[in-house]
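**Student:** Give me the fold of what follows.
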Amino acid sequence: MADSSSPTERPQDSRDDVLVLNKDLERMIDGAESISVQLTWMGYDMVALRTSPEVGASMRKLEEAYLKCRLAVDGNCDQEPETDKCPEPSATTLTQM
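**Tutor:** Residues are numbered from 1 along each chain as shown. Below you'll find the predicted structure:
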């Protein structure tokens with residue numbers, strides 16, 4: 001009788017193992033996709049900056065304009081756009097994109 005209960009437990013263990021394996025693979029794929037996106041943006045930034053040095057200055061001006069607009073919309077901070085006075089955890093710089 002012990003032999004008859006053993007085969008019914010094996011497929012269940014096998015299914016659990018497959019589910020765990022699928023979750024692990026999904027997590028690894030998500031990590032690889034994230035790294036791929038970061039590398040793509042790094043390559044884009046490198047090509048853009050090497051092609052035209054003015055792009056870096058334009059990006060900084062655009063970021064400053066964004067911060068000024070953000071302050072105007074929020075209205076919580078002083079008039080000057082300083083990241084120390086008004087921290088934005090969701091704000092990203094253009095180089096991080």
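
**Student:** how close does Trp41 get to Ala72?
**Tutor:** Separation of Trp41 from Ala72 (CB to CB, to the nearest Å) stands at 28 Å. For every residue, glycine as well, the C-beta is placed using N, CA and C.

**Student:** who has more neighbours, the two?
**Tutor:** Neighbour tally, Trp41 and Ala72, criterion other CB atoms under 10 Å: the higher count belongs to Trp41, 14 against 11.

**Student:** What score does that one have for pLDDT?
**Tutor:** Predicted confidence (pLDDT) for Trp41: 88.

**Student:** In three-state terms, how would it be classified?
**Tutor:** Three-state call for Trp41 (DSSP: H, G, I helix; E, B strand; the rest coil): helix.

**Student:** so which helix or strand takes in Val37?
**Tutor:** If you go by DSSP states H and E, Val37 is part of helix 2-51.

**Student:** Number of residues surrounding Trp63?
**Tutor:** Actually, residue 63 is Glu. It isn't Trp. 16.

**Student:** So which bits of the helix or strand encompassing it are buried?
**Tutor:** Secondary structure assigned from DSSP H and E places Glu63 in helix 54-74. Neighbour-count burial for helix 54-74 flags 59, 63, 67, 71 (criterion: 16 or more other CB atoms under 10 Å).

**Student:** measure the third one to Gly75 for me?
**Tutor:** If you measure Leu67 against Gly75 using CB to CB, the figure is 14 Å.

**Student:** swap in Tyr66?
**Tutor:** Distance of Tyr66 to Gly75, computed by CB to CB: 16 Å.

**Student:** Also Leu25?
**Tutor:** 47 Å.

**Student:** which of the two has more neighbours?
**Tutor:** Ranked by neighbour count (other CB under 10 Å), Leu25 and Gly75 place Leu25 first, with 10 against 6.

**Student:** Distance-wise, check the more buried one relative to Leu39.
**Tutor:** 21 Å.

**Student:** domains in the protein, as residue ranges please.
**Tutor:** Domain assignment of the chain by automatic domain parsing yields the ranges 1-51, 53-97.

**Student:** Least reliable of those by average pLDDT, please.
**Tutor:** Ranked by mean pLDDT, the domains of the chain bottom out at domain 53-97, with a mean of 68.
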